[in-house]
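Participant: Give me a model of this one.
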Amino acid sequence: MRIHGHLVIAGLLCVAALPGIAEAKDRAEGWRNWTERAERILAAMQSGESARLDSACTGVTRTVIGQGFAFPGWAQSLIQVCTVTQAAYHGSENSRRSKRICSDLRSVSKKIGKAAPVPESPDAHRIAQRISRIMIEIRNQACVNFM
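Facilitator: The predicted structure follows:
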C-alpha cells in the first residue's frame, strides 16, 4: 500500500512538470492558428470582397478564444477587426451607425496596430500592423462623409 502511495505521488509530480512543455506546444500552435487566420483576413481585406471577408472571419472568435491561453489585447482585437470591417463593407443607411463604424475603424486599427513581436510567431505582429494600415485605408475610403 505504501508503494502504491509513493507511485501516485511520483505520478502527480510528473504530471505537474508536464504543463510547461504542453503549454509551450499549445502556445506555438495557438499562435500558428492566429497567424493563419489573420493572414486570411488580411487577404480578404485587400481583395475588397465582402463575401471573402465574411468567410475569412467565420470562426475568428473560436480561433482567438479557444486556444487554451489568453492572447495579448492587440491579438484579441482580431475579433473586433472582423466585426467593424464587415460592418464597413456592408454599409449602413443609418447616419449615426455609419459614424460609429468610422470611429470604430480608427480605434480598432490603433488597438491591433500596437502589435509587438511574440517568440511563438515572428510574423504575427507584422501581419497585425498591415491589418491596421488596411483598416485606415478602408476608413479613408468609406468614411469620406464622416471625417
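
Participant: can you count the residues close to Pro122?
Facilitator: Neighbours of Pro122 under the rule other Cβ atoms under 10 Å: 11. No exception for glycine: its C-beta is placed from N, CA and C like everyone else's.

Participant: mind checking how far it is from Ile101?
Facilitator: Separation of Pro122 from Ile101 (Cβ to Cβ, to the nearest Å): 33 Å.

Participant: now Met45, nearest residue through space, not along the chain?
Facilitator: Excluding the flanking residues, the one nearest Met45 by Cβ to Cβ, 6 or more residues apart in numbering is Ile134, at 4.7 Å.

Participant: what about that neighbour, helix or strand, and which?
Facilitator: helix 124-142 (DSSP states H and E).

Participant: Then Ala116?
Facilitator: Assigned by DSSP H and E, Ala116 belongs to neither a helix nor a strand.

Participant: residue contacts, the residue nearest to it when sequence neighbours are not counted?
Facilitator: Nearest non-adjacent residue to Ala116, counting by Cβ to Cβ, 6+ apart: His125, 5.7 Å away. By Cβ atoms under 8 Å, 6 or more residues apart in numbering, the residues touching His125 are Ala115, Ala116, Pro117, Val118.

Participant: Just the closest of the residues you listed to Trp34, please.
Facilitator: Ranked by distance to Trp34 (Cβ to Cβ), the contacts of His125 are led by Val118 at 9.4 Å.

Participant: which residues does the closest one contact?
Facilitator: Contacts of Val118 by Cβ under 8 Å, 6+ apart are Trp31, Pro72, Ala124, His125.

Participant: Find me the pLDDT at Ile3, would you?
Facilitator: pLDDT recorded at Ile3 is 53.

Participant: Check Asp26 too.
Facilitator: 88.

Participant: and what of the one 3 residues further on?
Facilitator: Per-residue confidence (pLDDT) for Glu29: 95.
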